[in-house]
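# Fold the following, please.
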Amino acid sequence: MEFSDLTYLLILVLAFANGTNDVSKAIATLVGSGVTDYRTAIAWGTFWTMVGASAAVYVATAMVKTFGSGYIQPGLAIPSVLAPAILIGAILWILFASTFGLPVSTTHALTGSLVGAGLLAFGTDGLIWATVAKKIALPLLLSPFLSLALSFLVHPLIGSTARRWEGICVCIMPSHRALVTINAQGRTRTLFQARGMGVPVTAVPSQCDRAGLTGTTVGLDSIHWLSSGLASLARGTNDAPKIAAMLLLGSTTASPSEDLHVIAFGGVTVAMGIGSYWGGRRVTEVLAEKVTKMNHAEGLSANLTTSSLVLLSGIFGLPVSTTHISSSAIIGIGLLKGAAEVRWTTVRDMVFAWIVTLPIAAFLACLAYLVLIRAVAL
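Numbering: from 1, shown residues only. Okay, the predicted model is just below:
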């Protein structure tokens, strides 16, 4: 399948823009709850985002099909400028939002751009509206409410577990091949001791140093790190195929070749990683500091909510918004503590950005389509 250099370049730019805005969604809780600083959190999120984007070529074929086909009536000739116009509309809005620290949805931006440019190219009869509603509009509308509901269920469980665990660590003692618990008063109890070499022993501590014990440490903080990495991986798996799928527009074949998959996802992975590491701080600051204060258990709950919903949606090819899910989970955590704990001015700005993403991306894509059509005609 052939694709233009311009389309591929714009796909890389969109992946970069996506990284600047979306890396924050899985790592903001690490900073907001005081687990680590911005630089380390962003590096962690970047790494797992790239792992997820790389894996998407094998596990997210349903998402590629969702965004790459099924929205345009069969038999219509697809203009060569359609995919570039869609990409330009999404890029301009996402980069604008990232510059001003607004967490917006790449999925929403692509959807708005696709509908806007598609209307210009084919008119109202050229798009398959039932597919747009079923595969994109409905999942996008439902995802914030699902995220809020799940956070209300998950956080009490996580909070209860965290309270029972508070002050307790489990420490590995390599010299004794033993696993030992230490309570808040410093009392120890042997949980497990290997009888011979080669028997695996795992560790789960955070205060082992107080008792003079050393070993691998995995406590609430460590589980929070793992949940953040899982959410970043889920985000990469969910977003990369939406961006790479733009190569399918205008294709004369039913499915892309394996070489094209590698080229598309490889470029998207690298560009997404660059955007995440060098441009992800502004939006991260908003979600980490300006929505609600979080402790370790609350941040862990938000990340578990985000990662589970995004991973499931990616498997089933439902293009939910990582932005909506993550932001709604953080808002839900604040609401559980009381409405006064949520900074509603920040929430207002975020929701406004969500609402205007569709029409603004559509408008920008229309402008881009008209400019490109005129440029081709010259």
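# Quick check: which ranges of this protein have low pLDDT?
1-3, 59-70, 135-136, 139-140, 162-220, 248-261, 314-319 (pLDDT under 70).
# What are the structural domain limits within it?
Using automatic domain parsing, the domain parsing of the chain gives 5-162+224-377, 168-206.
# Next, the contact list for L153, please.
Listed by Cβ atoms under 8 Å, 6 or more residues apart in numbering, L153 has no contact partners. Where C-beta positions appear, they are placed from N, C-alpha and C, glycine not excepted.
# So which residue is dead centre in this structure?
Compute the mean C-alpha point of the chain, and by Cα atoms, centre = their mean the closest residue is R235, 2.9 Å away.
# That residue sits in which helix or strand?
Applying DSSP states H and E as the criterion places R235 in helix 220-244.
# Just checking the distance from that helix to the centre of its chain.
Centroid separation for helix 220-244 versus its chain: 6 Å, with Cα atoms, centre = their mean, to the nearest Å.
# buried sites along the longest helix anywhere in the chain?
In the chain, taking DSSP state H as the definition, the longest helix is helix 344-377. Buried positions in helix 344-377, judged by neighbour count with 16 or more other Cβ atoms under 10 Å: 346-347, 349-351, 353-354, 356-358, 360-369, 372-373.
# Can you name every helix or strand that that helix contacts?
helix 82-99, helix 106-122, helix 322-337 (3 or more Cβ pairs under 8 Å, 6 or more residues apart in numbering; DSSP states H and E).
# Tell me how far whatever helix or strand comes next after the second one lies from the chain's centre.
This means helix 106-122. Per DSSP H and E, the first helix or strand lying C-terminal to helix 106-122 is helix 129-131. How far helix 129-131 lies from its chain's middle: 25 Å, per Cα atoms, centre = their mean.
# do stretch 101-119 as well
So, by Cα atoms, centre = their mean, the centroid of stretch 101-119 is 16 Å from its chain's centroid.
# And stretch 45-59, by the same measure?
11 Å.
# got a list of contacts for it?
19, 22-24, 26-27, 63, 228-230, 232-241, 244, 261-262, 265-266, 268-270, 272-273, 276-277, 280, 314-315.
# for stretch 371-378, same thing?
With contact meaning Cβ under 8 Å, 6+ apart, stretch 371-378 is reached by P79, S80, V81, P84, A85.
# in a strand, that's where the first one is, yeah?
Right, the one you point to is P79. No - under DSSP: H, G, I helix; E, B strand; the rest coil, P79 sits outside any strand and is assigned coil.
# Quick check: phi and psi at it.
Backbone torsions for P79, taken as degrees, to the nearest 10, come to phi -60, psi 150.
# Once you drop chain neighbours, what's closest to it?
Of all residues not flanking P79 in the chain, A121 sits nearest, at 5.5 Å (Cβ to Cβ, 6 or more residues apart in numbering).
# For that neighbour, which residues are in contact?
I78, P79, L82, Y369.
# Neighbours of S228, how many?
Counted with other Cβ atoms under 10 Å, the neighbours of S228 add up to 27.
# and what of G332?
G332: 25 neighbours (other Cβ under 10 Å).
# Equivalent analysis for A240, please.
By other Cβ under 10 Å, neighbour count at A240 equals 30.
# let's number from 44 now, not from 1
Right, with 44 as the first residue, what we last looked at is A283.
# what's the spacing between the residue lying closest to it once chain neighbours are set aside and A372?
Excluding the flanking residues, the one nearest A283 by Cβ to Cβ, 6+ apart is A96, at 3.8 Å. A96 sits at a distance of 22 Å from A372 (criterion: Cβ to Cβ, to the nearest Å).
# do the same with P117
In terms of Cβ to Cβ, P117 sits 39 Å off from A372.
# again with A274
Distance from A274 to A372, by Cβ to Cβ: 10 Å.
# cool, and V66?
Taking Cβ to Cβ, one finds V66 at 16 Å from A372.
# same deal with L193?
7 Å.
# list the residues that contact both of these two?
Common neighbours of L193 and A372 (Cβ under 8 Å, 6+ apart) are T348.
# Who has more neighbours out of the two?
A372 (31 against 20).
# pretty sure that one contacts L343?
No - A372 is not in contact with L343 according to Cβ atoms under 8 Å; the separation is 10.9 Å.
# isn't N338 right next to V78, touching?
No - under the criterion of Cβ under 8 Å, N338 makes no contact with V78, lying 9.9 Å away.
# Please say which of these two ends up with more neighbours.
A count of neighbours by other Cβ under 10 Å puts V78 above the other of N338 and V78, at 22 against 18.
# where's that one relative to N346, distance?
In terms of Cβ to Cβ, V78 sits 11 Å off from N346.
# coming back round to it: closest to V334 out of the helices and strands packed on helix 387-420?
helix 365-380 (5.2 Å; Cβ to Cβ).
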